[in-house]
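Chemist: make a model of this:
(chains A and B)
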Amino acid sequence: MNLRDLKIGVKQGIGFGIILILMGTISIFAVQQMADLRDDIEVVNQIWLQRVIIISDLNLNAAALRNAQLQYTFAPNETDREEQVGILLDFIDRIENNRDAYEEIVAEAQARDLYSTEEQALYRGFDLKWEQYLDHSLQLVMLLEENRRPQAISLITGPAQLVFEDFSTDLEGLVELNREGAAEAAVRAENTFQATRSVARLLLLLSALASTVIAFGLVRLITVPVRALVRAAGRVAQGDLGVQLYNQSADEIGTLSKSFNKMTNALRAASQETQRQQAVIERKNKDLETALKQLRTTQQQLVVREKMASLGQLTAGIAHEIKNPLNFVNNFAALSSELVDELQEALESRRHLPVEEALASVQELLQDLRFNSEKIEEHGKRADSIVRGMLEHSRGQSGQPVSTNLNTLLEEYLTLSYHGVRAQDINFQVTIKRDLASSLPLITVVQQDLSRVFLNLFSNAFYAVQERALRGEPGYEPMVSVRTRAQGGRVAIQVQDNGGGIPPALQERIFEPFFTTKPSGSGTGLGLSLSYDIITQGHGGRLYVESTPGEGATFFIDLPAS
Amino acid sequence: MRVSLQHLILCILVGLAGPHLVYGQVSVIANPSVPIDSLDRSDLLDLYSGDKKIWSDGQPVVVLDLKPRSGLKDAFYKYLGKSSSRMKALWLKKKLSGEGDPPASFENEALLLEHLKETPGAIGFVGFSFANETVKTLLVIPPEGS
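Modeler: The predicted structure is shown next:
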């Protein structure tokens, strides 16, 4: 299996394991070396120095023994001699103890091969001479027992002295040997220590280096790919979706890199798809905009058509209206013509009639003529105002709000509407009821707009009753009524018809633009919508309907009084 | 009877082993008047330390020693468990305390043997070859390593 493909945890474990093993090895080595060192030191202490101490002690004890022996020999009386015996015995014991201790250590040293033949020879030498000295000592006691003091003195100061000096030299030699041995052992220990220290230092350095390298490697194992990942993610965040990671190992980082690549590929595909769809949407938007423009144009055209239609409705009515005053004008003009003829006759009659009679009839005729002229003027003005009103209506300008008597306006446009309908269908019969409050306050309105509203409501009412009439219900009598009231600072207008009515479902919808129940081509469907806007937005009022299907409909206008 | 048997066995052993075994063997011998026929190491130590001074029959114990240092002497004292110089220190203490004299020491085995034969209650040590029927052999110390 490739080393790269191990899991990150495993790699780390191996790395740390190696570090631990290194550290462990060094520790074990150090401990072992310490143990060796301790052994060396122990050897120095126990084996060598102990011997030095014991032999030195022995030497001192021997010297003390000799001293006591001298005292013993030269003791002036029995009592003093007895005293020295105790001391002698003590020192003999001590020396024996020294020997025991020494021989014990020697046994151990021999076991560890630390007892030289030189020392052995020296000790044997000492042993022999010591035995000799003991022989002399025994003889000394015997001589003194036999009261042969001079011989005793000569023994102790002569041969015994020589033997003593001899074995003392041996003992000193032993001490020196052991001191040398100790020194050598100490030097060896020191060397061991130095060597150990150097090796330990080196090992420590090496393992520290190795650990650093391994730790560094482990960290890099993770940080390098992670940084690559972070950079790649950063680029993706900035919009570069072509980023790819190239880590192909089977560990967690490799898996992560593969997932990352999959993700960016998916993002790229999604982004491309999004762009494509966006292009489609943009095209569609353009199409929609074009369609919208067309609709707006059409809407404007329809509004114009509606106005034209209402204007058209007006025209017939207005034509009829104008006909009336014009009839008057014609009639009065004709009358005036006849009156002029009569005047001329009256003037002619002065020939055969008294002047006052003639003048009186002239004056009478002139008065009639004036009356006719005034009437002609009156009706002419009326016709003029009707035409002006029509012109203003056709211009479609909203005009200025003026204080208006709504009853008058209603009346005017009711008549116009009625005549308009009759112009289209001469046989159209309808009963019109008026219930106009006489105390209706003047309110400030834009007359051109309101007149359009009234025209619309009336023509709808007439259309409704006409429709029902055409169905041929027996006993059906079309009726349209208009009513005005003043109610608490507001003016209420009702236009009621007994046509087919409006189903509840459609009552909401009739104020919608382009909504119509008339067959296509008959109406724009904008009439009520425009009326609604004029009343609610133009004048701050309300326009609503109540209707029972089969019985008729009532339209309510509610306007603030000022 | 017992002496004869022991002697016989030893002779057989010696005969079997040959002259090689004779060298190094130490015989602990005693005057025939001594009331024992054998002894062990601790008995021997007691006698040579001066701790046992009287035989069971009331005879005084006379301990004999060889003067010059030799392989024989070393072997004997090694067997005892105390080197001769150690023994000597012991004897000096005893002497100083007035508890007794050290053993008499002789220049060679022949002289020791002669004195032993003449002294009742005497006990000593010689090389194996010196021991004969004129003395009691109480113990034979085998050589080192056997």
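Chemist: next helix or strand past the helix or strand of chain B with the lowest mean pLDDT?
Modeler: Every helix and strand in chain B was compared by mean pLDDT, DSSP states H and E; the lowest is helix B:19-22, with a mean of 41. Next helix or strand after helix B:19-22 toward the C-terminus (DSSP states H and E): strand B:26-30.
Chemist: chain center to that following strand: distance?
Modeler: Relative to its chain's centre, strand B:26-30 lies at 4 Å (Cα atoms, centre = their mean, to the nearest Å).
Chemist: ditto for stretch A:117-134
Modeler: That offset, for stretch A:117-134, works out to 100 Å (Cα atoms, centre = their mean).
Chemist: right, is it up against chain B?
Modeler: Yes. With Cβ under 8 Å from any Cβ of the partner chain as the measure, stretch A:117-134 is seen reaching chain B through A:127-128, A:130-131, A:134. Backbone N, C-alpha and C define where each C-beta goes, glycine included.
Chemist: give the buried residues for that stretch.
Modeler: By neighbour count on 16 or more other Cβ atoms under 10 Å in any protein chain shown, the buried set for stretch A:117-134 is A:119, A:122-123, A:125-134.
Chemist: also stretch A:173-182?
Modeler: A:173-175, A:177-179, A:181-182.
Chemist: list the contacts of residue 115.
Modeler: Since no chain was named, I'll use chain A. Neighbouring residues of residue A:115 by Cβ atoms under 8 Å, 6 or more residues apart in numbering or on different chains: A:106, A:109.
Chemist: you answered for a different chain; I wanted chain B.
Modeler: B:64, B:104, B:106, B:122, B:124.
Chemist: for it, pull up the helix or strand it's in.
Modeler: Applying DSSP H and E, one finds residue B:115 within helix B:109-118.
Chemist: ok, of the buried residues of stretch A:173-182, which one's closest to residue A:45?
Modeler: residue A:182 (8.5 Å; Cβ to Cβ).
Chemist: what separation do you get for the closest one and chain B?
Modeler: 27 Å (Cβ to the nearest Cβ, to the nearest Å).
Chemist: so what's that residue closest to, chain neighbours aside?
Modeler: Spatial nearest neighbour of residue A:182, chain neighbours left out: residue A:48 (3.5 Å); criterion: Cβ to Cβ, 6 or more residues apart in numbering or on different chains.
Chemist: for the residues of stretch A:117-134 next to chain B, which one is nearest residue B:56?
Modeler: Of the residues of stretch A:117-134 next to chain B, the one sitting nearest to residue B:56 (Cβ to Cβ) turns out to be residue A:134, at 30.9 Å.
Chemist: distance of that closest one relative to residue A:374?
Modeler: Residue A:134 sits 194 Å away from residue A:374, taking Cβ to Cβ, to the nearest Å as the criterion.
Chemist: then residue A:295?
Modeler: Counting by Cβ to Cβ - residue A:295 and residue A:374 are separated by 55 Å.
Chemist: what do you get for residue A:279?
Modeler: 79 Å.
Chemist: one more: residue A:312?
Modeler: Relative to residue A:374, and taking Cβ to Cβ, residue A:312 is found at 34 Å.
Chemist: which parts of the chain are helices?
Modeler: Unless you meant another one, I'm taking chain A. Listed in chain order, the helices of chain A (DSSP state H) span A:8-42, A:50-73, A:78-111, A:117-145, A:149-157, A:159-237, A:252-348, A:355-395, A:406-424, A:447-470, A:504-507, A:527-533, A:539.
Chemist: try again with chain B
Modeler: For chain B, the helices defined by DSSP H occupy B:2-17, B:19-22, B:41-49, B:71-80, B:84-97, B:109-118.
Chemist: spatially, what comes nearest to residue B:32 if we skip its sequence neighbours?
Modeler: residue B:136 (5.5 Å).
Chemist: surely the one you found touches residue B:39?
Modeler: No. Contact criterion Cβ atoms under 8 Å: residue B:136 and residue B:39 do not qualify, at 10.4 Å.
Chemist: comparing these two, which shows the higher neighbour count?
Modeler: residue B:136 (20 against 17; other Cβ atoms under 10 Å in any protein chain shown).
Chemist: dump the residue contacts of the more buried one.
Modeler: B:3, B:29-32, B:34, B:37.
Chemist: okay, who's weakest in those residues by pLDDT?
Modeler: Within the set of the contacts of residue B:136, pLDDT is lowest for residue B:3 (59).
Chemist: what about residue B:81, how many neighbours?
Modeler: Residue B:81: 12 neighbours (other Cβ under 10 Å).
Chemist: again but with residue A:345, I slipped
Modeler: 11.
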